[in-house]
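> let me see the structure of the following:
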Amino acid sequence: MFERIKHMLIKEFIQVLRDPRMRAVVFVVPVLQLLVFGYAVTTDVRHVSTAVYDLDNSVASRELTSRFEKSGYFDVVEHVTDDARARELVDRGRVRVVLHVNKGFEDDLRAGRTARLQVIVDGTDSNTAGIVIGYTTRITGQYSQELLNARLRRLMGNIQQPGGVELQTRAWFNENLESRNFYVPGVVAMIVTLVTLLLTSMAVVREKEIGTMEQIMVTPITPAEFILGKTLPFALISFVDVILVTLVGVLWFDVPIRGNPTLLLFATALYLMTTLGIGLLISTLSQTQQQAMMSTFFFFMPAVLLSGFMFPIANMPVAVQWLTYLNPFRYFLMIIRGVFLKGVGLAILWPQMAALAAMGVATLWLTSRRFRKTLA
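Numbering: from 1, shown residues only. Model (predicted):
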């Protein structure tokens, strides 16, 4: 048995690694993908292109707009003088925010009346628009509070003003609230998933297309041995990919890894049982490599969308939330983020690991049952 599996391992390694382009796809492309996605996948909103439409042109209006510039969130790219130009900039996507100050802004402040500031936000991207509105609310609120305090001091002199509430916040695990620390571990999981699915989904169907299945049929190898021989090489390659992209995430993007790396590798082994089993199952069901490729992406995209990688699972409909329990990517994502950011161990993550183990055994068993030493 072990001799037959050994020869299968040698054959698979030779087949995968003899092509320089294939070696680049397996080892270089995942690193490049992490570098690109690590910079691209972020929800931090900074340097928002902004136009200023200041009809008052007073000291107070210039002070307010300067606060927007100094915040680091807004970059004033143009001062407009009419409504048409402001609309054109938003329509063309050159600015995402227009600060519109009406005439009489400073006069209202001096008279003790409420001065109005209109903030026009491009709502095409609702998430970014919501964050930008939060920034504007905070900046104008602080400016308004300072004006109110100054007015009270003028009116009340040295009389002690009523106390207030000072809010002090503290974020655990991601102290600076950098979205990259949240998304890069997810990108690592996504890349590993894609690589393993693509490699294994082509494994059996490639044998059918190049005509070597007939040779396998006349050998004494069993279906379980065949599946094991197809799985182990890709598992070892996937472990190398996990180590590579993890090192890039930690050393290049400074993403903290607070947990035990050994636990991460163990969880990866459980997860690879599932992804490799699903990939081989797709390969046994497909007749051509094109079918296998399409089936892989039909599985991969829903797995990513229903994992919590981009959208919180709690915001999904209840029926969809129940569906996510069948998604192995969900459990691995919770594990990898828990190890990277929280530093939690097996005592916390054992339910996710148990789910991955059960799914891995089930998929490999089903693949072994599905495979038959026939061309059908």
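
> report pLDDT for L35.
L35 is assigned 88 on the pLDDT scale.

> for the host helix or strand of it, which helices and strands make contact with it?
According to DSSP states H and E, L35 maps onto helix 29-40. Helix 29-40 sits against helix 179-201, helix 223-251, with contacts defined as 3 or more Cβ pairs under 8 Å, 6 or more residues apart in numbering; DSSP states H and E. C-beta here means a position set from N, CA and C on the backbone, and glycine is covered the same way.

> neighbours of P220, just the number please.
Applying other Cβ atoms under 10 Å, we find 7 residues neighbouring P220.

> actually R110, not the one I wrote
11.

> against V242, how distant is it?
64 Å (Cβ to Cβ, to the nearest Å).

> again with N57
59 Å.

> for V26, same thing?
From V26 to V242 the distance is 12 Å (Cβ to Cβ).

> can you list the neighbours in contact with stretch 288-306?
Here stretch 288-306 makes contact (Cβ atoms under 8 Å, 6 or more residues apart in numbering) with 190, 193-194, 197-198, 201-202, 205-206, 209, 278-279, 282-283, 285-286, 310-311, 313, 316, 320, 323-324, 327-330.

> and stretch 84-97, by the same measure?
48-51, 53, 74, 77-78, 80, 98, 100, 119-122, 128-129, 132, 136.

> that stretch: end-to-end distance?
15 Å (Cα to Cα, to the nearest Å).

> quick one: average pLDDT of the one helix or strand F299 maps to?
If you go by DSSP H and E, F299 is part of helix 289-305. Average pLDDT, helix 289-305: 89.

> give me the low-pLDDT residue ranges for the stretch 51-200 of the chain?
157-164 (pLDDT under 70).

> mind listing what P317 touches?
P317 touches nothing, counting by Cβ under 8 Å, 6+ apart.

> give me the pLDDT for it.
The score at P317 is 92. That number is its pLDDT.

> just confirm D254 is within a helix.
No: with DSSP: H, G, I helix; E, B strand; the rest coil as the criterion, D254 is located in coil rather than a helix.

> identify the residues contacting A60.
Shown here is A60, whose contacts under the criterion Cβ under 8 Å, 6+ apart are 105-106, 109, 115.

> check R110 too.
With contacts defined as Cβ under 8 Å, 6+ apart, R110 has no neighbours.

> between N57 and V242, which one's more packed in?
Shown here are N57 and V242; by other Cβ under 10 Å, V242 has more neighbours (24 against 12).

> from T268, how far out is that one?
5 Å.

> try D54
The value you get for D54 to T268, if Cβ to Cβ is used, is 56 Å.

> the two: who's more crowded?
The neighbour count for D54 versus T268, taken as other Cβ under 10 Å, is higher for T268 (25 against 19).

> biggest helix in the chain by residues?
Identified as the longest helix of the chain according to DSSP state H is helix 126-156.

> any idea how far it is from the chain center?
32 Å (Cα atoms, centre = their mean, to the nearest Å).

> just list what that helix packs against, helices and strands only.
strand 48-54, helix 59-70, strand 117-121.

> hmm, try it at 7 Å
Helix 126-156 makes packing contacts with helix 59-70, strand 117-121 when contacts are defined by 3 or more Cβ pairs under 7 Å, 6 or more residues apart in numbering; DSSP states H and E.

> circling back to that earlier point, reformat the contacts of A60 as a markdown table; add distance to V16.
Formatted as a markdown table, those follow (distance: Cβ to Cβ, whole Å):
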| residue | distance to V16 |
| --- | --- |
| F105 | 68 |
| E106 | 71 |
| L109 | 71 |
| A115 | 68 |
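
> so which of those residues wins on neighbours?
Highest count within the contacts of A60 by other Cβ under 10 Å belongs to A115, 21 neighbours.

> what's the closest residue in space to that one that isn't next to it in sequence sitting at in phi/psi?
Spatial nearest neighbour of A115, excluding adjacent residues (Cβ to Cβ, 6 or more residues apart in numbering): D108 at 4.0 Å. With angles defined as degrees, to the nearest 10, D108 sits at phi -60, psi -40.

> residues near D108, how many?
Neighbour number of D108 under other Cβ under 10 Å is 15.

> for A150, same thing?
So A150, with other Cβ under 10 Å, has 10 neighbours.

> for it, give its distance to R110.
12 Å.

> next one: F173
Here the distance between F173 and R110 works out to 47 Å (Cβ to Cβ).

> and D82, by the same measure?
Relative to R110, and taking Cβ to Cβ, D82 is found at 27 Å.

> and G343, by the same measure?
55 Å.

> how about the helices of the stretch 251-376 of the chain, start to end?
For the stretch 251-376 of the chain, the helices defined by DSSP state H, counting those that start in this stretch cover 261-285, 289-305, 318-323, 328-337, 346-370.

> of all the ones you listed, which one is nearest P185?
helix 328-337 (4.8 Å; Cβ to Cβ).

> contacts for that closest one, please.
For helix 328-337, the external contacting residues (Cβ atoms under 7 Å, 6 or more residues apart in numbering) are 185-186, 188-189, 193, 264, 267, 271, 274-275, 303-304, 306-309, 324, 349, 352-353, 355-356, 359.

> any idea of the mean pLDDT for that helix?
94.

> repeat for stretch 247-265
90.

> who touches that stretch?
31, 34-35, 38, 180-181, 184-185, 188, 336, 338-346.

> end-to-end on that stretch?
End-to-end distance (Cα to Cα), stretch 247-265: 13 Å.

> cheers, nothing more for now.
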